[in-house]
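A.B. asks: Take a look and give me a structure for this.
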Amino acid sequence: MAKRARLPRSRLFSRARGAMLEALCRYFRLEWAGMSHLPRRGPAIVIANHSGFLGLDALVLAHLIRRETGREARIM
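C.D. replies: Numbers count the residues shown, from 1 in each chain. Below is the predicted model:
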């Protein structure tokens with residue numbers, strides 16, 4: 001299987017995004033469960049049960065997946 005090309009991303013942007021999302025997780029005291037059920041490889045569909053109108057849940061969920069598993073999540 002061919003590797004997908006990644007767009008270049010500055011380290012400053014990546015760190016700022018990570019810090020902002022980590023602050024959101026702590027401020028809202030977010031809880032998550034079932035991270036161990038994600039497969040190590042291959043596709044997976046993860047759906048958030050959001051309670052807001054901004055759609056920040058998808059961004060925070062992608063951050064948590066990357067932090068806990070090292071996998072890059074794509075958001076629709």
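
A.B. asks: drop to CA atoms for contacts and neighbour counts, all remaining ones
C.D. replies: OK.

A.B. asks: low-confidence ranges in the protein?
C.D. replies: 1-9, 50-54 (pLDDT under 70).

A.B. asks: Identify the residues contacting the longest helix along the chain?
C.D. replies: Assignment by DSSP state H gives helix 11-27 as the longest helix of the chain. Outside helix 11-27, the residues that touch it by CA atoms under 8 Å, 6 or more residues apart in numbering are 59, 60, 63.

A.B. asks: As CSV, those with distance to residue 38 and neighbour count would be great.
C.D. replies: As requested, those are exported to CSV (distance: CA to CA, whole Å; neighbours: other CA atoms under 10 Å):
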residue, distance to residue 38, neighbour count
59, 17, 14
60, 16, 19
63, 14, 20
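
A.B. asks: Can you flag which of the residues you listed belong to helices?
C.D. replies: 59, 60, 63.

A.B. asks: Closest one of those to residue 36?
C.D. replies: residue 63 (15.4 Å; CA to CA).

A.B. asks: Kindly provide the distance from the closest one to residue 25.
C.D. replies: 9 Å (CA to CA, to the nearest Å).

A.B. asks: Give me the neighbour count for residue 27.
C.D. replies: Neighbour count for residue 27, taken as other CA atoms under 10 Å: 9.

A.B. asks: same question but for residue 12, I mixed them up
C.D. replies: Residues near residue 12, counting by other CA under 10 Å, number 9.

A.B. asks: Next, find the distance separating it from residue 26.
C.D. replies: 21 Å.

A.B. asks: the inter-axis angle of the helix or strand in which residue 57 is found versus helix 11-27?
C.D. replies: Per DSSP states H and E, residue 57 falls inside helix 56-69. Helix 56-69 and helix 11-27 are oriented at 100 degrees to each other (axes from the mean of the first three to the mean of the last three CA atoms, to 10 degrees).

A.B. asks: Could you pull out the buried residues of helix 56-69?
C.D. replies: Buried positions in helix 56-69, judged by neighbour count with 16 or more other CA atoms under 10 Å: 57, 58, 60, 61, 62, 63, 64, 65.

A.B. asks: Now do the contacts for the residue nearest the centre of the chain.
C.D. replies: Taking CA atoms, centre = their mean as the criterion, residue 62 is the residue nearest the geometric centre of the chain, at 1.2 Å. Residues in contact with residue 62 (CA under 8 Å, 6+ apart) are 72, 73, 74, 75.
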